[in-house]
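Chemist: Sequence and predicted structure, then a few things I'm wondering about:
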Amino acid sequence: MSFDFCLEQVRKQVPLVHNITNYVTVNDVANMVLACGASPIMADDEAEAAEITSICGGLNINIGTLNQRTIRSMHLAGKRANELGHPVLLDPVGAGASRLRTETALSLMKEVKFAVIRGNSSEIKTLAFGSGSTKGVDADMADAVTDETLAEDVSFVKQLAKQTGSVIAVTGAIDLVADSEVCYVIRNGRKEMGSITGTGCQLSGLMTAFITANPENQTEAAAAAVCCMGLAGEIGWQHMQPYEGNSTYRNRIIDAVYRMTGEELLEGAKYEVR
Amino acid sequence: MSFDFCLEQVRKQVPLVHNITNYVTVNDVANMVLACGASPIMADDEAEAAEITSICGGLNINIGTLNQRTIRSMHLAGKRANELGHPVLLDPVGAGASRLRTETALSLMKEVKFAVIRGNSSEIKTLAFGSGSTKGVDADMADAVTDETLAEDVSFVKQLAKQTGSVIAVTGAIDLVADSEVCYVIRNGRKEMGSITGTGCQLSGLMTAFITANPENQTEAAAAAVCCMGLAGEIGWQHMQPYEGNSTYRNRIIDAVYRMTGEELLEGAKYEVR
Amino acid sequence: MSFDFCLEQVRKQVPLVHNITNYVTVNDVANMVLACGASPIMADDEAEAAEITSICGGLNINIGTLNQRTIRSMHLAGKRANELGHPVLLDPVGAGASRLRTETALSLMKEVKFAVIRGNSSEIKTLAFGSGSTKGVDADMADAVTDETLAEDVSFVKQLAKQTGSVIAVTGAIDLVADSEVCYVIRNGRKEMGSITGTGCQLSGLMTAFITANPENQTEAAAAAVCCMGLAGEIGWQHMQPYEGNSTYRNRIIDAVYRMTGEELLEGAKYEVR
């Protein structure tokens, strides 16, 4: 298998993806899931969360605007997805920024088996060490993955993957996607993507589509999704007019995923495997 | 009256439309309602739902991300709108995909008199038969209205309209808008509209504005709204650049409604009456 | 200090802004806060609202889709922000349109000290007189600030600022930003901005970023934010294609804030001080 195959499987299978996600970026998440060829459904009431999960192929749990009601739904849907063998992704938005977020993420990790956990470096370190210094929903610069810290960071994410049994995806200037044995070090994307709200959330939706359509190789599918999103950020930027900014850039990135071919992804992906 | 008149009445009256709708597509619904010349307000707490309905001209109920709290508000607002003689539209998003959605839609139909019920073919069949095979929020292909099944489908929607006392609008590749005697068969729109989240929800908002401003002829107003949205999809597509996709297309469709004149609608509408 | 300094301080300090806001326009608010150089976080559960406020620099409370759960969070976060000396902004969306909205706004004003209260003319008059005639979320034309009523309106907002101890910002065709002694009369912006959902909400997010980064002069910072938004509306309009409408215009305004320099703001701001 390869990255183009991962994308093409999404387009061929049109997996139904259940998203329990925040109300800030939910529309962009839905359009991103559609852009890659999958089909999104959002449902967060405990009276239907598990049932909706049952008719889907994968589940994306994002704690960006969690509340007591939706936390219960996350647990119910997560457990049902586990029973059915559906891949579940956790996006621990803001873990480290409040006790509620940190505890909810840790409690979900205890009760639900996640195929992938995807967050920024501060969120992931918070999950690993039980507390952290997330700056709102952004990573603390001190936690960033850099060329200087790369060897150490790769070892850390592989170790965390081993410990949790989940693929770990840490996204930032350099992205890492690792299981216990292999780590993709990815250098697609642009820094201007950080000026758009919810590029991380969109990636989590996209990644859930990819792992749902590629059950045989979750790590590679997760890495393909990261490259797809980053490459879309590069392509989208090429079409920016001098008077356009972050709001239009948001559209151009989703548009670029919508237009992306497997071949384009294969050629544009910038990564090494460690 | 004719379709251009229906649109011009919206622009002239600027009806206030109360929307109890899902948080996925709500922003696009609001911009679509504004684009056609009406004014949207969203309010879903039971402490104000009925009161907000009172100051509006029409009510749009969409169950896309329903929960226990908002279901109560839907009932309260629906009943108040009925008392005041305001038109109420039901968009039964995902009816057939979970018991909660199916039961909520059926319960609302029992307690509230709807001027129009608008959904995809699977959602509408679910309401007619009490259960269905909706694929998440999309129609099952087996339920689609096609040229082969058209005569049967027209008869079905007229019958359902008679039985419910509501105008029935089934949207898809071919759209049907029917009361017990007349059925508009509409062929505007493009298949790419299905790659945007919430085009159905946007149409429901637009349609509520149209029926609110045209109380004398609800069926024609609902059909005019379907043609307006589909035509906007055609016009919007003409302005797409080779690198643009579903996210920009969403904007272009709303933009096309904003720019649409009555004359343009009259000329571009593609329908027959059966 | 001057307006360019106010904007540059936002870019330099990158203040973290906590928003408890409605789900209709929240995505645009987040992108607007990012566009001006600040960083948004949304959190509305009472289990974390005060804690999230603690790690931020400023708080934006918007009652656009309030409910019992979030009203409690608004109070908790508002009080904590007061204890910490963080500026708090109130956007009383729809005050006057329902008792719940009017009472919630008045109750918040009793319990929380607001640095700025920003609304349309009907909302602000509702807060001043305890009841009003807001048309949904839009101002009643009878309440509009015009050249004919200007002297009286300036005196009214100064008086209200004195009485409340808050900067009062009334936005519409002519915008007023006043403390007890000084009133900025601002004439930036375009009427087409009224066809976009949430330009008021976006301005409130932007303004919270400005007052957070400029604690020494809240009135000037609030006025700078109003000019910045209005000027962005003028610049964004210049780039509109003949087939573009309100949805694309929304993006172009946020884009224009993203691109705006201090110098551009200084040159484009149209105001007088009374």
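Modeler: Yes, it's here.
Chemist: switch to C-alpha atoms for all contacts and neighbour counts from now on
Modeler: Will do.
Chemist: Residue A:132 should be in a helix, yeah?
Modeler: No: counting by DSSP: H, G, I helix; E, B strand; the rest coil, residue A:132 is not part of a helix but coil.
Chemist: Output the set of residues of chain A in proximity to chain B.
Modeler: A:16, A:23, A:26-27, A:30-31, A:34-35, A:40-45, A:47-48, A:51-52, A:55-56, A:239, A:251-252, A:254-256, A:258-259 (C-alpha under 8 Å from any C-alpha of the partner chain).
Chemist: among those residues, which are in reach of chain C?
Modeler: residue A:23.
Chemist: Please enumerate the helices of chain A.
Modeler: Taking DSSP state H to define them, one finds helices in chain A at A:3-13, A:26-35, A:49-55, A:68-84, A:99-111, A:121-129, A:150-164, A:199-213, A:218-238, A:246-259, A:262-268.
Chemist: Dump those helices to TSV, plus distance to residue A:191 and mean neighbour count.
Modeler: Shown next, in TSV, are these (distance: least, C-alpha to C-alpha, whole Å; neighbours: other C-alpha atoms under 10 Å in any protein chain shown):
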stretch	distance to residue A:191	mean neighbour count
helix A:3-13	23	20
helix A:26-35	19	28
helix A:49-55	35	23
helix A:68-84	31	20
helix A:99-111	26	18
helix A:121-129	15	23
helix A:150-164	18	18
helix A:199-213	11	29
helix A:218-238	9	25
helix A:246-259	11	25
helix A:262-268	17	16
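Chemist: Just the pLDDT at residue A:140, thanks.
Modeler: For residue A:140, the pLDDT comes out at 86.
Chemist: Please give me every residue in contact with the closest residue to residue A:262 other than its chain neighbours.
Modeler: Among residues not flanking residue A:262 along the chain, residue A:4 sits closest, at 3.9 Å (C-alpha to C-alpha, 6 or more residues apart in numbering or on different chains). By C-alpha atoms under 8 Å, 6 or more residues apart in numbering or on different chains, the contact set of residue A:4 is A:261, A:262, A:263, A:265, A:266.
Chemist: from the residues you listed, which is closest to chain C?
Modeler: Nearest to chain C, judged by C-alpha to the nearest C-alpha, of the contacts of residue A:4 is residue A:261 at 26.5 Å.
Chemist: and the closest one, how many residues sit next to it?
Modeler: The local packing of residue A:261 (other C-alpha atoms under 10 Å in any protein chain shown) involves 15 other residues.
Chemist: For it, grab phi and psi.
Modeler: phi -100, psi 160 (degrees, to the nearest 10).
Chemist: Now do it against residue C:266, distance only.
Modeler: Distance, residue A:261 to residue C:266, using C-alpha to C-alpha, to the nearest Å: 46 Å.
Chemist: With residue A:169 instead?
Modeler: From residue A:169 to residue C:266 the distance is 44 Å (C-alpha to C-alpha).
Chemist: can you check residue A:165 too?
Modeler: Distance from residue A:165 to residue C:266, by C-alpha to C-alpha: 55 Å.
Chemist: Check residue A:216 too.
Modeler: 58 Å.
Chemist: just to revisit the earlier point, just send the contacts of residue A:4 back as CSV, with pLDDT and distance to residue C:230 too.
Modeler: Below are the contacts of residue A:4 laid out as CSV (pLDDT from 0 to 100; distance: C-alpha to C-alpha, whole Å):
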residue, pLDDT, distance to residue C:230
A:261, 98, 41
A:262, 98, 43
A:263, 97, 44
A:265, 98, 41
A:266, 97, 44
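Chemist: Identify, from the residues you listed, the entry nearest to residue A:151.
Modeler: For those, the minimum distance to residue A:151 (C-alpha to C-alpha) is 25.4 Å, reached by residue A:266.
Chemist: Residue A:3 is in contact with that closest one, correct?
Modeler: Yes: with contact defined as C-alpha atoms under 8 Å, residue A:266 counts as touching residue A:3 (6.0 Å).
Chemist: how about the contacts of residue A:4, which pair is most distant?
Modeler: The widest separation within the contacts of residue A:4 (C-alpha to C-alpha) is 8.7 Å, between A:261 and A:266.
Chemist: okay, now residue A:181: neighbour count?
Modeler: Other residues close to residue A:181 by other C-alpha under 10 Å number 12.
Chemist: For it, which non-adjacent residue is spatially closest?
Modeler: residue A:158 (6.4 Å).
Chemist: what do you get for residue A:192?
Modeler: residue A:246 (7.7 Å).
Chemist: So what does the residue in the stretch 101-250 of chain A that chain C sits nearest to look like in phi/psi?
Modeler: For the stretch 101-250 of chain A and chain C, the shortest gap (C-alpha to the nearest C-alpha) falls at residue A:245, measuring 3.9 Å. Backbone torsions of residue A:245, given as degrees, to the nearest 10, read phi -140, psi -150.
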